[in-house]
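Q: Need a 3D model of the following:
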Amino acid sequence: METHLHPDVPIDPPAPACVPSTYWVGPRHLAGDDGRLYDAVADTLAGLGWTSLTIVRGRQEPDEAPEDRPVLRNTVLHISRDSLRWAQWVLPDEPFHLGNLPIAWQVSARTDLRSPLAQWSAYFTPDVPGEILAGFLTALDARDEPALTCSGPELVLDAVMAHGWLRDVDQPGTGAVDPTFASHIHLGEVPSLIQDGDPLALVAEAGEAALAGWQAWAEPVFGAGYLWAASFSASVPHDLVTAFAGSLSSSAPVLRRVLPESTRERLLRAPAS
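A: Residues are numbered from 1 along each chain as shown. The predicted structure is shown next:
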């Protein structure tokens, strides 16, 4: 083994120019979104046959040039073929935050075309790996009834435990954590701004137990902030959260060019040929 003794010699030798810039990395729950979360999800939805619409809101003064028009909101909306489910890229609006991170994607579904209201919604911040969100959306698209609950919450924990995650020591019946204790998934009270169509979510009195929904997050260094966060309202079917959880905890590596600063040293990397 060669050891550098001179203090001016860098610990890592300079990389040759031919080293590829793309790597297979793992674990995927710490791999970030590669800086292309919109593209990864939009490509998946296009492949599923969803229609995309760009909604731009603003105001225009008399004699104002189009390029000078201030855009107040800019949302890209993707709608499924049956119009019962949709996904919104809302990052330019930053409507609210999860764990001090802005929401990037909001996914919703309804039971009836006659109602404009969503039965449930799920929210994802930047740096949620695109592969995980794509798996969730693919499972949603494949469902005949996007808002019908037909399984129990234990499926979610079974999915991550099958990939080596551990039950939460304090709440083993409702939570799990990856073996490095960096990423978590938990069933419990969700933030008040998480929208759900169950009437009980609207009429709960102060002090009453709120409807439980799933939340997932990565906190690589405890107390140093979150890498990403996801929140599912109470009516999101557990099998859809299971699809998210199974992809989240998968040991299969993902391709990356851009690595999160907070997890760069914790990721296993292999050059992509």
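Q: C-alpha only now, for contacts and for neighbours.
A: OK.
Q: tell me the contacts of residue 248?
A: Counting by CA atoms under 8 Å, 6 or more residues apart in numbering, residue 248 touches 28-29, 132, 160.
Q: Ok, residue 220 next?
A: 30, 181-183, 226-227, 262-263.
Q: Beyond the helix-or-strand element of the chain with minimal mean pLDDT, next helix or strand please.
A: Lowest on mean pLDDT, DSSP states H and E among the helices and strands of the chain sits helix 199-203, with a mean of 58. Tracing the chain C-terminally past helix 199-203 and defining elements by DSSP states H and E, one meets strand 212-218 next.
Q: Residue ranges in the stretch 101-250 of the chain under the pLDDT threshold?
A: For the stretch 101-250 of the chain, the stretches flagged by pLDDT under 70 are 199-210.
Q: Try it again at 90.
A: The stretch 101-250 of the chain contains residues with pLDDT under 90 at 112, 114-117, 144-145, 147-152, 189-211, 222-224.
Q: rewinding a little: which of the contacts of residue 248 tops the neighbour count?
A: residue 29 (28 neighbours; other CA atoms under 10 Å).
Q: Need the phi and psi values for the residue nearest to that one when sequence neighbours are not counted.
A: Nearest residue to residue 29, sequence neighbours excluded (CA to CA, 6 or more residues apart in numbering): residue 248, at 5.6 Å. Taking degrees, to the nearest 10, you get phi -60, psi -40 for the backbone angles of residue 248.
Q: And residue 248, how close does it get to residue 135?
A: Using CA to CA, to the nearest Å, we find residue 248 at a distance of 9 Å from residue 135.
Q: Which parts of the stretch 151-273 of the chain are strands?
A: In the stretch 151-273 of the chain, the segments counted as strands under DSSP state E, counting those that start in this stretch are 166-167, 175-177, 183-189, 212-218, 228-232, 254-256, 268-271.
Q: name the helices or strands packed onto the last one?
A: If I follow you right, that is strand 268-271. strand 23-26 (3 or more CA pairs under 8 Å, 6 or more residues apart in numbering; DSSP states H and E).
Q: List the contacts of the helix or strand that comes right after the strand it packs on.
A: Using DSSP H and E, the next helix or strand after strand 23-26 towards the C-terminus is helix 37-47. Helix 37-47 is touched from outside by 78, 89, 126-131, 133-134, 137-138, with contacts defined as CA under 8 Å, 6+ apart.
Q: quick one: the closest residue to residue 214 other than its chain neighbours from residue 172, how far?
A: Among residues not flanking residue 214 along the chain, residue 187 sits closest, at 4.4 Å (CA to CA, 6+ apart). Using CA to CA, we find residue 187 at a distance of 11 Å from residue 172.
Q: These two: which is more packed in?
A: Neighbours were counted for residue 187 and for residue 172 using other CA under 10 Å; residue 187 has more, 22 against 13.
Q: Might you report the residue contacts of the more buried one?
A: 174-175, 212-215.
Q: Count the neighbours of the nearest residue to residue 157 once chain neighbours are set aside for me.
A: Once flanking residues are discounted, residue 157 sits nearest to residue 176: 6.6 Å by CA to CA, 6+ apart. Residue 176: 26 surrounding residues under other CA under 10 Å.
Q: One more: residue 151?
A: Residues near residue 151, counting by other CA under 10 Å, number 12.
Q: just residue 185 next, same as before
A: 25.
Q: which residues sit in contact with it?
A: Residues in contact with residue 185 (CA under 8 Å, 6+ apart) are 175-177, 214-217, 245.
Q: And for residue 88?
A: For residue 88, the contact set (CA under 8 Å, 6+ apart) comprises 75-78, 105-107.
Q: Of these, which is the most crowded?
A: Busiest of the contacts of residue 88 [other CA under 10 Å] is residue 105, holding 24 neighbours.
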